[in-house]
Structure formats: structure tokens, C-alpha cells
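> structure here, sequence nowhere to be found:
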């Protein structure tokens, strides 16, 4: 029974990777940089996007918003006058707690790839499943709020191990919390040594400029890459 389960999981992930490569081909053809933005619920992904999207200058950005139900976050981002596509996992996908490559592919017909340079996929808030499924992205950004505690890299190592950048959010609250930032960073290096990290505050805007520059650099790298 154990071997059967392993084969089933491998089959699911292999199928996902095949579709992710198809997504990647479409993104490459359109010249679009894709960021998979992941975190636990309430870590501040949407608020960070509200902070950074208006400040991207000539980078044309779109958002694919993943939620189990509803469109509250998509409605907030749409007010910034960027193209936002809502992707709910409840109807048709069983209410999954993550986006996989097939879900993203099902929504690409509504994403104006020809009109954008950067697509941010705001994944469903969860510290487990999103890390397991590639969607054809260029990079993964993990948001970890200081309100979640220092132990999260040890409890959810795959999420932190598979990301390309960690945004430590809500640092404006540090003076009010019993939170050891150095201990969190120690745990982070234990599971993903040297991964880039930035200290940010979605509420005050602290550090968000560095993330904006990081996003712009990813877009510039794609523009400079051979066709």
C-alpha cells in the first residue's frame, strides 16, 4: 500500500510538471515574467502587492488571484487599475488549498499576456501544498509574517526551501512582539542556506522599495535573455 501511494503522488506531480512546462512555454512566447507569491493566510501578500504595484513604473503588471472562494483580494487589487484575473479552487477543483499548473492553465485565456510584462500569481494562503506544485513560474517569493513565530521554517521546510526570496513582513510590529528575528533567520538558513531575504512592512512601506527593485530586475533579465 505504501508503494502504491508513492507511485500515485509521483504520477500527480509528473503530470503537473508537464502542464507547468506548457504554461512556461506560453509565458516565454509572450515575454512575461511570472512570480509565484506564497504565504500562510494573513501574512500580507495582498497588502504588499497594493504597496508595490503602483510603484513599478513602466513595468506592466497583471495579477492572477488564487482563493478557495470569493474575490475580496482581487477586488482590492483591481482598484489599482491593473488587470486582475480571479481563480477560485472551490468550483471545479474541489476547494484545493493551492494552485497547481492545470488550474493556472485553465485561467490563462482570461490573462492578457500580450499586454503585460509581469504576472504575479497570488497563491492560496497555505504553508504546505503550494510548495509542491510548480505552475510554470520564473521565481517563487515567500512572505513570512513576524506574527507567525520563529519556528515556521522548521515546521514547513519545503515552503522555505523552494522559494527564491523570503519577505519577512510586518516588521513594524517587532517592538510589540516576543519574536526573535535572529532566531527566525537562523532557522531559515538551516533549511535554505543563504536564500535572499528582505525585511518589509506592508503597513508602513518599509523595505518595499527593495522588493520593487527585485521585481524590476527579474523583468529586465527576461527582456535581456536570448529569444
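Good, I have the coordinates. Predicted model only: the values in this text are computed from it and were never measured.
> all the helices of the protein, residue numbers only.
In the chain, the segments counted as helices under DSSP state H are 2-30, 45-52, 72-78, 90-93, 101-107, 152-155, 157-161, 181-191, 208-224.
> so which of the ones you listed is the most packed in?
The highest average neighbour count among the helices of the chain, using mean count of other Cβ atoms under 10 Å, belongs to helix 45-52 at a mean of 22. No exception for glycine: its C-beta is placed from N, CA and C like everyone else's.
> need the per-residue pLDDT for the nearest residue to residue 22 once chain neighbours are set aside.
Closest residue to residue 22 in three dimensions, ignoring its sequence neighbours and counting by Cβ to Cβ, 6 or more residues apart in numbering: residue 105, at 6.7 Å. As predicted, residue 105 sits at a pLDDT of 97.
> and residue 214, how far from residue 59?
To residue 59, residue 214 is 12 Å away according to Cβ to Cβ, to the nearest Å.
> ok, back up a step: of all the helices of the chain, which one comes closest to residue 141?
Ranking the helices of the chain by proximity to residue 141 (Cβ to Cβ) places helix 208-224 first, at 8.1 Å.
> where in the protein is pLDDT low?
1-11, 227 (pLDDT under 70).
> so what's the residue count around the spatially closest residue to residue 26 that is not a sequence neighbour?
Once flanking residues are discounted, residue 26 sits nearest to residue 108: 6.3 Å by Cβ to Cβ, 6+ apart. Look at residue 108: counted by other Cβ atoms under 10 Å, it has 17 neighbours.
> with residue 109 instead?
8.
> ok, it to residue 96 distance?
20 Å.
> what does residue 162 give?
Counting by Cβ to Cβ - residue 162 and residue 96 are separated by 18 Å.
> which ones are touching the residue nearest to residue 22?
The neighbourhood of residue 105, defined by Cβ atoms under 8 Å, 6 or more residues apart in numbering, consists of 19, 22, 23.
> between those, which sits nearest residue 188?
residue 23 (28.6 Å).
> roughly how far does the nearest residue to the closest one once chain neighbours are set aside sit from residue 20?
Nearest non-adjacent residue to residue 23, counting by Cβ to Cβ, 6+ apart: residue 136, 3.0 Å away. Distance, residue 136 to residue 20, using Cβ to Cβ: 4 Å.
> shared neighbours of these two, which are they?
Counting by Cβ under 8 Å, 6+ apart, the contacts common to residue 136 and residue 20 are residue 101.
> can I assume residue 172 is in contact with residue 204?
Yes - contact status for residue 172 versus residue 204: in contact at 5.0 Å, counting by Cβ atoms under 8 Å.
> more neighbours: those two, which one.
Between residue 172 and residue 204, residue 172 has the larger neighbour count (other Cβ under 10 Å), namely 15 against 12.
> who touches that one in this structure?
201, 203, 204, 206.
> of those residues - the most surrounded one?
That'd be residue 201 among the contacts of residue 172, by other Cβ under 10 Å, with 21 neighbours.
> beta-bridge partners for the residue nearest the centre of the chain, please?
Nearest to the mean C-alpha position of the chain, counting by Cα atoms, centre = their mean, stands residue 37 at 1.0 Å. Counting by DSSP bridges, residue 37 forms beta bridges with residue 122, residue 141.
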